[in-house]
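>>> the following block contains a protein sequence and its predicted model.
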Amino acid sequence: MNGTAGYAVFFFPQALEALGDAIRPYLTDQPQGPHIFCQEIDTGGAFVEMTLVGRNDQGQEVQVELMVPGSMIRMIVSATNETGFGFGPRVATPAA
């Protein structure tokens, strides 16, 4: 995962409704829509396994593994910190 900060996982509206209160603590609500931001993701089976990093009640960092059926996921977006990605115009970078 060189240069990758994580993944934004977007769900179908019906999936969010079906998961209800159980999924709400993990959701991030942004203008793009509610999603889960995770460090790692495994899509190799019927369930999509997401590894999240959060904080417990004492403020300590904890790692959580969350698994949901793959049919609930609308889209997965890789969030990278690399520049120059996509089809838009690019700014030339001078050679070193």
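Now that the structure is in, tell me what you want to look at.
>>> near residue 42, how many other residues are there?
12 (other CB atoms under 10 Å). Any C-beta I mention is one placed from the backbone N, CA and C, and that applies to glycine too.
>>> which residues touch it?
Counting by CB atoms under 8 Å, 6 or more residues apart in numbering, residue 42 makes contact with 48, 49.
>>> averaged pLDDT, stretch 78-96. What do you get?
Per-residue pLDDT values over stretch 78-96 give a mean of 63.
>>> so what's the nearest residue to residue 47 once chain neighbours are set aside bridging to?
Closest residue to residue 47 apart from its sequence neighbours, by CB to CB, 6 or more residues apart in numbering: residue 67 at 4.3 Å. Counting by DSSP bridges, residue 67 forms beta bridges with residue 49.
>>> just the strands in this protein please.
Per DSSP state E, the chain carries strands over the ranges 4-11, 28-30, 33-38, 40-42, 47-55, 61-69, 73-80.
>>> residue 18 versus the residue nearest to residue 47, what's the distance?
The spacing between residue 67 and residue 18, counted by CB to CB, to the nearest Å, is 15 Å.
>>> OK, contacts around the most centrally placed residue in the chain?
By CA atoms, centre = their mean, the chain has its centre lying nearest to residue 8, at 2.4 Å. Contacts of residue 8 were listed using CB under 8 Å, 6+ apart, and they are 32, 35, 36, 37, 76, 77, 79.
>>> just residue 67 next, same as before
47, 48, 49, 50.
>>> measure it to residue 34 for me?
Residue 67 is 18 Å from residue 34, where distance means CB to CB.
>>> can you tell me the number of residues neighbouring residue 18?
So residue 18, with other CB under 10 Å, has 14 neighbours.
>>> confidence score at it?
The model's pLDDT for residue 18 equals 96.
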